[in-house]
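Asker: Just the structure for this:
(one chain, ligands or ions: 1)
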Amino acid sequence: MTGYRTARCRACLNIDDLRRMARRYLPRGLFDYIDRGTEDETALRRLRQSFDGSELMPRVLVDGHDRSVGVTLFGRERPLPFIVAPTAAAGLVRYDGEVLLARAAHAAGIPFCVSTQSITSIEAIAEAGAELWFQLYVWRDRSLTHALLDRVAACGVDTLILTVDTAVSPKREYNQRNGFSVPVVPSLRGAVDVALHPAWLYGVLLRLLRAGGWPGYAHYPPEFRTRITDAGTHDRIRLCDRVNWEDVADLRRRWTGRIILKGLLAPADATRAAEAGVDAIVVSNHGGRNLDSAPSPLTVLPRIADSVGNRLTVLADSGVRRGSDAAKLLAAGASAVLLGRAPLFGLAAGGQPGAEHALAILRDELDRTMALLGCRTVGDLRGCT
Ligand SMILES: Cc1cc2nc3c(=O)[nH]c(=O)nc-3n(C[C@H](O)[C@H](O)[C@H](O)COP(=O)(O)O)c2cc1C
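Answerer: Modelled structure (predicted):
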């Protein structure tokens, strides 16, 4: 990372500035894959509209000099109500991207959730010293999923996020147009796209190729570990559209640690999750990347929080670009917020310091929002809706 780039990245004043830097650094195919939604991108627009259309009511003349953005989550005090969300293939954004994200999370004192579909293995990421959570996609062959869980547990991970909103791959037409869908079909357009982004070409792609050839998904069993650009994941490790509440019950029997279901939006599903004995849920529409008609988490959170009471912990994500967005999710009933694209934009813009900067921006904005609202604790935000 050049000092010049780091300095430019540190000069970014908000997440949108980091996004613009990320856009310049990454080939278009990769940037769009991170940035965009699905189908007509209605869910993505709805996310922004829901934050912009929601107000927070300030209380004045509150002495807030000792306010804190810290929270206690799962019995542990944390300096921030954030978790770095699982994002597939973050190792393509920067060389060793997943490790850099984990280090940034560690520096901020928050957990980093490793994706099933990361380029770097959980064993290697563990060396970053961060508190790691693991995100699970259930594969068709359950015995392979169970073997993966053993691997994850052996790394000392005690918090598992089961993603339940991705029964099939969503339809992302821009990936096809950009030649970024799987399998990657070599094209002049793709070659020009990469050639026009030499910093990424030399800093990421060529380094990955020198280090061991085309990257693959590090959690796939070795016999099925194809190149990330190849067609057809083997049938046994395909996304499974038969996952149901029985799988949750099975997981509850097998996994002795914490289980979090990610991707719920219906209050009835949240109640069912509480009955299934999971510890927490993430109210999420996957950052507007899956079901294009899905509601925004902000609009359903109050009903969900009411319906589950204190039977489980409610987390939320999707669309957070400002500290005030996070404040709104916390005010609407979330105990903490997962961040997907914001740290990824920071990572693309400036590596680990860039990801740290993204978290620092959101921390600062949340703190200012709380001060202006007259909130001394994150819990006080509940009264502001
Ligand atoms: C590039 C990218 C890859 C993602 N990969 C995964 C994944 O592998 N597993 C998962 O559960 N969620 C995945 N997500 C969704 C995030 O965990 C999170 O729900 C979402 O990004 C939150 O919205 P935000 O990006 O607006 O913060 C991904 C999101 C992005 C942007």
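
Asker: any idea which helix is longest in the chain?
Answerer: helix 341-373 (DSSP state H).

Asker: Which other helices and strands does that one contact?
Answerer: On a contact count with 3 or more C-beta pairs under 8 Å, 6 or more residues apart in numbering; DSSP states H and E, helix 341-373 meets helix 3-10, helix 15-25, helix 28-35, strand 82-84, helix 97-108, helix 323-331, strand 336-339. Bear in mind the C-beta positions are built from the backbone N, C-alpha and C, glycine included.

Asker: if we go to 7 Å?
Answerer: Packing partners of helix 341-373 (3 or more C-beta pairs under 7 Å, 6 or more residues apart in numbering; DSSP states H and E): helix 3-10, helix 15-25, helix 28-35, strand 82-84, helix 97-108, helix 323-331.

Asker: Tell me which residue in the stretch 151-300 of the chain sits closest to the ligand.
Answerer: Closest approach between the stretch 151-300 of the chain and the ligand, counting by C-beta to the nearest ligand atom: Gly287, at 2.7 Å.

Asker: Pull the contacting residues for that residue.
Answerer: 318-319, 340-341 (C-beta atoms under 7 Å, 6 or more residues apart in numbering).

Asker: Also near the ligand: which of these, exactly?
Answerer: Contacts with the ligand within the contacts of Gly287, counted by C-beta under 6 Å from any ligand atom: 318-319, 340-341.

Asker: Closest one of these to the ligand?
Answerer: Each of the ones next to the ligand among the contacts of Gly287 was checked against the ligand using C-beta to the nearest ligand atom; the closest is Gly340, at 2.1 Å.

Asker: I'd like to know how far that closest one sits from Ala88.
Answerer: 10 Å (C-beta to C-beta, to the nearest Å).

Asker: One more: Val164?
Answerer: Taken as C-beta to C-beta, the span from Val164 to Ala88 is 16 Å.

Asker: go on, Ile34?
Answerer: Counting by C-beta to C-beta, the separation of Ile34 from Ala88 is 10 Å.

Asker: near the ligand, which residues of the stretch 1-150 of the chain show up?
Answerer: Checking the stretch 1-150 of the chain against the ligand by C-beta under 6 Å from any ligand atom, the hits are 34, 85-88, 115, 117, 135.

Asker: Sort out which of these are in helices and list them.
Answerer: Per DSSP H, these map to helices at Ile34.
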